[in-house]
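*Asks:* Provided below are the primary sequence and the corresponding predicted coordinates.
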Amino acid sequence: MSDLLASDLITPDAGENPLLSQPSVSILKAAPLTRLSLRLRNQSVKDAGDAFGAALPVTPLGSSVSDKRAALWMGPDEWTLLAPEEELSAVFDAIEAKLSGQPHSLVDVSDRSEAIIVSGEKAEWLLRTGIFIDFSLDAFPVGTVTRTIFHKAPVLVWRTGDDTFVIEAWVSFMDYVSGLLMQSAQELEAA
Amino acid sequence: MSQPFRTEKGGRIDRGDQLTFMFDGEQMQGHKGDTLASALLANGVHLVGRSFKYHRPRGIVTAGSEEPNALVGIYRKGDQTPNLRATQVELYQGLEAISQNRFPSLSFDVGAVNDLLSPLFPAGFYYKTFMWPKSFWDRVYEPIIRAAAGLGRPPKNPDHDSYGNIYEHCDVLIAGSGPAGLAAALAAAETGAKVILCDEQAQFGGSLLSEANATIDGKAAGDWVSGTIAKLSAMDNVTLLNRTTAFGYFAHNYIALAERVTEHMSDPDPKLPRERLWQVRAKEVVIASGAIERPMVFPENDRPGILLADAGRTYLNRYGVKVGHKVVVATACDSAWQAAFDLNDHGVEVAAICDMRETPPESLVSIAKARGIRVEAGCVVTGTLGRKRIKAALIGRLMTSGQVASGGQIDCDALLMSGGWTPTVSLYSQSRGKVVWDQDKGAYVPGVSVQKERSVGGAKGLYGLQATLEDGYAAGEQAAKAATGKSAAVTRAVASGGEAGSGGTLGAIPHDRNPARVKAFVDYQNDVTAKDVKLAVREGMQSIEHIKRYTTTGMATDQGRLSNMNALQIASGALERPVTQVGLTTFRLPYTPTSFGLFAGVSRGDFFDPVRKTPSHEWAVENGGVFEDVGQWKRTWYFPKSGEDMHAAVARECKMVRETVGLFDASTLGKIEVVGPDAAEFLERMYTNPWKKLAPGRCRYGLLLNDAGFIVDDGVMGRLAEDRFHITTTTGGAPNVFATMEDYLQTEWPDLDVWITSTTEQYAVAAVQGPKAREVIAPFIEGIDLSAEKLPHMSVRECTFAGVPCRLFRISFTGELGFEINVPKRHGKMMWETLAKEIEKHNGVPYGTETMHVLRAEKGFIIVGQDTDGTVTPHDAGMSWAIGKKKHDFVGKRGLERPDLVAEGRKQLVGLLTKDPKVKLEEGAQITSRGAPKTGTPAEGHVTSSYYSPALDRNIALAIVKNGQALEGKTLYVPMPDGSIEVEVTSPVFYDKEGARLNV
Amino acid sequence: MLLVYCPYCQVERPETEFSCRGQAHIARPADPDTVSDEDWVEYLYLRDNTKGVYAERWRHIHGCGRFFNAVRHTVSDDFLAFYKAGEPMPDLDTLAKEAGK
Amino acid sequence: MKRYSFLELAKNAFSAHKNWGRQWRAPEPKAEYDVVIIGAGGHGLATAYYLAKEHGIRNVAVLEKGWLGGGNTGRNTTIVRSNYLWEESAALYNHAIGLWQGLSQELNYNVMYSARGVMMLAHTVHDVQVAQRHIHANRLAGVQNEWLTPEQAKDYCPPLNIKKDIRYPVMGAALQRVGGTARHDAVAWGYARGADDMGVDIIQNCLVTGIRRGADGAVEGVDTAKGFIKAKKVGVVAAGNTTTVMDMAGVRMPLESYPLQALVSEPVKPAFPCVVMSNTIHAYISQSDKGELVIGAGTDQFISYSQVGGIHITNHTIDAICELFPHFRRMRMLRNWGGIVDVTPDRSPILSKTPVQGLYVNCGWGTGGFKATPGSGHVFAHTIAKDEPHRINAPFTIDRFKTGRLIDEAAAAAVAH
């Protein structure tokens, strides 16, 4: 269900062809998004969530998704807020207004990273060719989000479904990340 | 000839599938399921290689990965992979193998002369000679030694195969699929635990695959294996990995596995990786690596045709190959007798069983007698005849005196030997466990577990089929329980037959031969004899590590798995100390040799390290830009026009920037957004400069030190609001600056209400520099007044560029009127192309990093890391002005007060002008106070930057010089190979000293 | 590759997600001006470099980004404790005894 | 001592090598020595050798907790070079090169010093600037070092990949022709044999448990597994364990001990003529006389006394090697091991008196101590004998970290391998 809610936010970029489409796994470039990095103290968590439109998760590696909004736990005082591209200033201003007077930092990082959607029964296997994390559903349930390392590049991994992952990387790392994923998937086509 | 040594029936090979292969150019036949070794033996080929030092003819000794002799080169795609073990190479149609370390041919090898000269080459001989004349070592002796040494020839061409990687987590990892490993897997899997079972061989089953007599649950051992594997492979919680070697056991139960994916295929799909590295984090590990048989150290124990008894049995029962027609079995333990009986069952004549023991078990003796096999008890082999193949064994009788009486000779074409069994403790040892000596077993066995692992069966010296199965089941259950807390009732299989034998011997076998004349090999591959080990001891080598290094025993490609225990016993005898006081060399990873490609994995070419590009990259490529690597970034170095070399291009770019306007991609500079009520206070503490009074909308150059007081980074800080700064760092320094800031923020000043966010990749940045800069950007900037009054030098504004949000800095690293436009990255390409078109209207140019360096040098602006090197203070760099005098503290303030940092005679940044303006100094060139200095003269400093300056039409340089600031106007020298260059010390600012061009 | 527990993310992750920043609980002198050269060297460069149980700083640089402290035995490389920045250093001898080291 | 020679070898061949004498004794410790050296690695043994040979101090004991030469001496990648940036460093390492050149004859023990050349690759504009600065500084200091174009580098080392299409193309190299390799065990054994011959007692399996100081604070001797040993002068040459030993005397050291890995391939016929190092992509490689490719990896990020490093370090080293030498991809790793290296804040060694009278320390060689073995022992022996540093090691004090007078090879972007 988190899959559904995320999917109206993280959508394949209409203009783009799939980076990879195999029966068992596909990689799609995601459309641009509003991304905000929010830092604040505990007492401001609720206000910020109200202003944003999705509660800020406080459980480590957690995410909360509501209509056109997603709040991702990045650290004990750090969240990444996702919203549709066109709502940048609306969301930004709403939070600033609500938090004025409360110590916080809200920074637009919409263009810092790009996202791809890796899905299919082999998606989890494909990620494990470069990420040393146990992606079994009990260890990494749907909704889990984390930063980690993919081979030599920092990435963000957000599981939005049993077989669906959103992978974000800073823009200049995305060629490396998507390129290696595509290369590693080649053996799946082997006889 | 067609496989004269193949049995009529039996074995696990596919007799219906005949394969053709080549060995040293000779065509032969084998079957699917063969290894190269078994196929060669089926064709009667024992001689497969030459030894390392003496080039003695050598044959196949084992049937496993511990093989010391049968190392071959395998050809594929016109290149060869050296040193592969024929005992591990699976046969495929068209396989091409060559023998190694011989010239011109395997049967006639001129290197064999070394064998005759061997009296001159005892252990460590090379430490004692080759010292005269002095110059001869690396010119004469060493090249000869190097050419003689080495086994196979290295590959010649780049490897086109790919290598895969997979990270895996599991509850129980089981290394080895013999009886103990399979039982452990069954027991663990039944509990639902996530299990990985791996085995280095093509087929699971280990010793069971060579078992012809024993049965499990009434089935033949081999059938039970097949049934068990079928059962396990049907379970989702089990991963079965054959052809997969657990080669490394690291901290925190991290195990590395090497899976050979395509090596056994004659024509693999190129999409498949050749090998795959499995990096496994296991909650529990079961080490079921079994035990290997020990050779016997008797004279001439290295003739082709001499094999381990269990190898003979394996070739017979698993591969349907007879190692000979007439076989002598030499043993000190029971297990070899079964080999004799199995061979006998297949019609091989067993000429004799020579057992060292005075009274071998009657049970065995009676069976032998019944089969009419000659049994010699208390009998040893004292030598062998034959050169390229054993012809006969000399035997001797052990007398109570300990002497040996000659016992004549027995003709044979093969000899099987067994000195007993050695548990394979490599993985346990790698797990940092300490092995302990077991006197009864005469072996080192695993001691207490240091990590979460259990050794089972042969790996801990436990033998006998039933006992081994029991041990495996128990270990599997315990491991699963420990990992998951779950347990399950497992129906345990029952075996009959395969009882544990007894007996075994260590060290050299006594004989009646002239010790000076004979060689009894301890380490086959490295040609180490019992004599060598004794010599090492005689020369004062007491630690087994010294003996190993001096004789090289145990340093061959089997890492001493065959030789260590015998060497240890011989050393202990010579030292007259118990084995335990001689010590054991540690087993190091990898368990067996492992491809470099496997470790390198996908990191090759563009994937060796991420290639980071800026939004102008494509445009730069299309416009002939030349790139340089700066960290992981590709930056445009310069934009040559057709026919231009770098010098011409840079000169043109510099000229045009100062005359009209230039466009530069500054996107790679680090950017950090510092936000929060304490933003100014934080910068106050991090940077040398004062920040609190900086008004919103203004910028200031900032200098960052480490707490030792030396310059580590610099940048421009723009204040967007009371509580918001947009600051920049150097390209290379960005990650470290960010990490350093987080460090101070989180661990020293957690009370500050401020947060930092990296925005390096949020913005694309275009620097527009030059007299026409304002005219170039004006058409696209909306929302602000660009006039000098409203937007003075060192200002920042938020506005729009061509309709997209933008942060506009009025700053200059060139000394010209300049702007840096930051737009969200997705608009970077548009911004660059828009400006690139616009500057053309003004005869402007795009310029690269080299021109940027020249222009800043003309202005005396430093590049951190080029004009500073981690030993330079702000005072040294002539930037005392950047230090907030009234500040109570900032990072580096205290460090700056240390004695040597305030001492006289520090090296300081200056400008240098060569007396001859056409002479360009070399960067890094040294500086002296006198010309033509004597060697050893201390340098006064060195040239940090040097360029031709189009603006001054002469060469200029920056340098770090002792007391430099006081030397302005003085003459110094730059000594070069062809004489010294005269230079005059000047101010580092060469152009527009008063900065008039900035404030327009 | 060590397995490190992040007390903020509350998960074990491979060492490659972390950066080790040396001995823990070395505070930068609050008032550097009053610190002697000897004490400044102590802060800058002198570390216990203990062969045994050692408290050190780690940062989950490719995770939550937080600094935290860990107690590790520098011979076995086993971790004996993880705790958040600002929390007091546990008694190392006690930890050593519990771990039987 | 029976001198080694080919003739001697031939003679012994006829007596089946039964008459070779011990290369060194296995003595029990005496009650007192003039000097006790803690650590029988190459540096410690060389120190004892030169104490006896150059300063006539023969009543010397070298105490070793394990077997002689068993620490970093027997675990390193045997690279010898002296093309360091700072005059102080260049002088020290070049002093060693001078001694290397006659060492086999000096010790009558073939240490196989092989001046096959050490080539340090430059992959970026910054690398080139750093290399050029080294070359100019070295020339003035009288240290041989020269610049090679990529083509010249490939001529010198044919396996080198100088194609422009690799991730970090080779832009050139600094070559020190007198650099090369030596046989690490032979260095320890040669010095041990030479020192022993002059009366030095080398006492193995003798762990030092304490350093005793008198009322005046001066050194009185050391407690060991074999009892108390009196000595007015104690030299600590304990590499990775220096901190532990110096703590016994109450002296804090600016050191951290890291696991450093190295590895060898299976032996193959000659495939690699020289030594190649790359600081930018972190790899160095040569081929031993036995035919093994000898490859140095990096250190782990945390201190450890385990002598075992992480596999990710190995991976990063081998991917760099395979990038520069793509045909080595099918070669196979035979052995991988680790040592414990003691690293100072400025990556330069400490060869110095200490605040404690009679206590001297030789440490902080980091990842590059082997090459300095003869020079280090030579000047350290001088420091102990004369109770004052030799001109060459005078700058390598402990005090420099307080004053800030660092000899910072790291800052100058030359990682000391």
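*Replies:* Received, thanks. As the structure is a prediction and not an experimental result, all values here were calculated from the model.
*Asks:* Residue of the stretch 151-300 of chain B closest to chain C, please.
*Replies:* B:H252 (4.1 Å; C-beta to the nearest C-beta). Where you see a C-beta, it was placed from the backbone N, CA and C, and this is true even at glycine.
*Asks:* Can you read off the pLDDT for that residue?
*Replies:* Confidence at B:H252, expressed as pLDDT, is 97.
*Asks:* just B:I981 next, same as before
*Replies:* Taking B:I981 on its own, its pLDDT is 98.
*Asks:* and it, what element?
*Replies:* strand B:979-986 (DSSP states H and E).
*Asks:* Who are the packing partners of that strand?
*Replies:* Where contact means 3 or more C-beta pairs under 8 Å, 6 or more residues apart in numbering or on different chains; DSSP states H and E, strand B:979-986 is packed against strand B:907-914, strand B:971-976.
*Asks:* list the buried ones in stretch B:692-710?
*Replies:* For stretch B:692-710, burial by neighbour count (16 or more other C-beta atoms under 10 Å in any protein chain shown) applies to B:694, B:697-710.
*Asks:* do that stretch and chain A meet?
*Replies:* No - Stretch B:692-710 does not reach chain A (C-beta under 8 Å from any C-beta of the partner chain); its nearest approach is 15.9 Å.
*Asks:* Dump the C-alpha coordinates for that stretch into CSV.
*Replies:* Provided in CSV are the C-alpha atoms of stretch B:692-710 (Å, rounded to 0.1, in the frame of the first residue of the first chain):
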residue,chain,number,x,y,z
LYS,B,692,29.1,38.4,12.6
LYS,B,693,29.1,41.8,11.0
LEU,B,694,28.8,40.6,7.5
ALA,B,695,25.5,42.1,6.2
PRO,B,696,23.0,39.9,4.4
GLY,B,697,23.6,40.3,0.7
ARG,B,698,27.3,40.5,1.1
CYS,B,699,30.2,38.0,0.7
ARG,B,700,33.6,37.5,2.2
TYR,B,701,36.6,35.4,1.4
GLY,B,702,37.1,32.8,4.1
LEU,B,703,40.2,30.8,5.2
LEU,B,704,40.0,27.5,6.9
LEU,B,705,42.8,26.1,9.0
ASN,B,706,43.3,22.8,10.9
ASP,B,707,43.9,23.0,14.6
ALA,B,708,47.6,22.7,13.9
GLY,B,709,47.4,26.1,12.4
PHE,B,710,47.9,25.3,8.7
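*Asks:* and that stretch, what's its mean pLDDT?
*Replies:* Rounded mean pLDDT across stretch B:692-710 is 97.
*Asks:* wait, does that stretch contact chain C?
*Replies:* Yes - with C-beta under 8 Å from any C-beta as the criterion, chain C is reached by stretch B:692-710 at B:707-708.
*Asks:* for chain A, what spans make up the strands?
*Replies:* A:20-21, A:26-29, A:33-40, A:63-66, A:69-75, A:78-84, A:104-108, A:113-119, A:145-150, A:153-161, A:164-170 (DSSP state E).
*Asks:* re the thing from before, could you restrict the buried residues of stretch B:692-710 to the ones contacting chain D?
*Replies:* Contacts with chain D within these, counted by C-beta under 8 Å from any C-beta: B:708-710.
*Asks:* hmm, back to that, can you pull the contacts of the residue of the stretch 151-300 of chain B closest to chain C?
*Replies:* B:281, B:451, C:1-3, C:77-78 (C-beta atoms under 8 Å, 6 or more residues apart in numbering or on different chains).
*Asks:* So which of the residues you listed reach chain D?
*Replies:* Among the contacts of B:H252, proximity to chain D is found for C:1-2, C:77 (C-beta under 8 Å from any C-beta).
*Asks:* I'd like those residues as JSON lines, with secondary structure, neighbour count and pLDDT appended.
*Replies:* Below are the ones next to chain D among the contacts of B:H252 laid out as JSON lines (DSSP: H, G, I helix; E, B strand; the rest coil; neighbours: other C-beta atoms under 10 Å in any protein chain shown; pLDDT from 0 to 100):
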{"residue": "C:M1", "secondary structure": "coil", "neighbour count": "21", "pLDDT": "94"}
{"residue": "C:L2", "secondary structure": "coil", "neighbour count": "25", "pLDDT": "97"}
{"residue": "C:D77", "secondary structure": "coil", "neighbour count": "20", "pLDDT": "96"}
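*Asks:* Which member of these is positioned nearest chain D?
*Replies:* For those, the nearest to chain D is C:M1 (4.4 Å; C-beta to the nearest C-beta).
*Asks:* Spatially, which residue comes closest to the closest one, not counting chain neighbours?
*Replies:* D:G310 (4.4 Å; C-beta to C-beta, 6 or more residues apart in numbering or on different chains).
*Asks:* For A:K152, see how far away the one you found is.
*Replies:* 15 Å (C-beta to C-beta, to the nearest Å).
*Asks:* lowest average confidence, helix or strand, in the chain?
*Replies:* Reading this off chain A. Sorting the helices and strands of chain A by mean pLDDT, DSSP states H and E puts helix A:2-7 at the bottom, at a mean of 52.
*Asks:* pLDDT at the residue of the stretch 1-150 of chain D found nearest chain A, what is it?
*Replies:* The stretch 1-150 of chain D approaches chain A most closely through D:H123 (16.4 Å), counting by C-beta to the nearest C-beta. Note for D:H123: predicted pLDDT of 96.
*Asks:* Please look at it and D:A173 and confirm they touch.
*Replies:* No - look at D:H123 against D:A173 with C-beta atoms under 8 Å: they stay out of range, at 9.9 Å.
*Asks:* Stretch D:167-174 near chain B anywhere?
*Replies:* Yes - using C-beta under 8 Å from any C-beta, stretch D:167-174 reaches chain B at D:167-168.
*Asks:* thinking again about what came up before, spatially nearest residue to the residue of the stretch 1-150 of chain D closest to chain A, not counting backbone neighbours?
*Replies:* If the residues on either side of it in the chain are set aside, D:H123 comes closest to D:Y168, at 3.9 Å by C-beta to C-beta, 6+ apart.
*Asks:* what about the one you found, how many neighbours?
*Replies:* If you count neighbours by other C-beta atoms under 10 Å in any protein chain shown, D:Y168 ends up with 20.
*Asks:* ditto for A:D67
*Replies:* Burial of A:D67 is recorded as 9 neighbouring residues (other C-beta under 10 Å).
*Asks:* same deal with B:F125?
*Replies:* Neighbours of B:F125 using other C-beta under 10 Å come to 21.
*Asks:* now swap in the one 5 residues further on and tell me
*Replies:* The local packing count at B:F130 equals 18, with neighbours defined by other C-beta under 10 Å.
*Asks:* List the residues that contact D:P267.
*Replies:* Contacts of D:P267 (C-beta under 8 Å, 6+ apart): B:52, B:83, B:149-151, B:557, D:288, D:290-292, D:334.
*Asks:* typed the wrong thing, it's B:A459
*Replies:* B:176, B:180, B:287-291, B:423-425, B:427-428, B:446 are the contacts of B:A459 under C-beta under 8 Å, 6+ apart.
*Asks:* Now do A:M1, the pLDDT please.
*Replies:* A:M1 is assigned 36 on the pLDDT scale.
*Asks:* Equivalent analysis for B:N955, please.
*Replies:* At B:N955, the pLDDT value in this model is 98.
*Asks:* Find the closest residue to chain B in chain C.
*Replies:* Counting by C-beta to the nearest C-beta, chain C gets nearest chain B through C:P32, at 3.5 Å.
*Asks:* and stretch D:350-360, C-alpha only, in PDB?
*Replies:* Only the C-alpha atoms of stretch D:350-360 are listed here, as PDB (Å, rounded to 0.1, in the frame of the first residue of the first chain):
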ATOM      1  CA  ILE D 350      61.100   9.400  15.200                       C
ATOM      2  CA  LEU D 351      64.800   8.600  15.800                       C
ATOM      3  CA  SER D 352      65.400  10.300  19.000                       C
ATOM      4  CA  LYS D 353      66.500  10.600  22.600                       C
ATOM      5  CA  THR D 354      63.500  10.700  25.000                       C
ATOM      6  CA  PRO D 355      62.700  12.700  28.100                       C
ATOM      7  CA  VAL D 356      64.000   9.700  30.000                       C
ATOM      8  CA  GLN D 357      67.800   9.500  30.500                       C
ATOM      9  CA  GLY D 358      69.200   6.400  28.800                       C
ATOM     10  CA  LEU D 359      66.000   5.600  26.900                       C
ATOM     11  CA  TYR D 360      66.100   6.000  23.100                       C
END
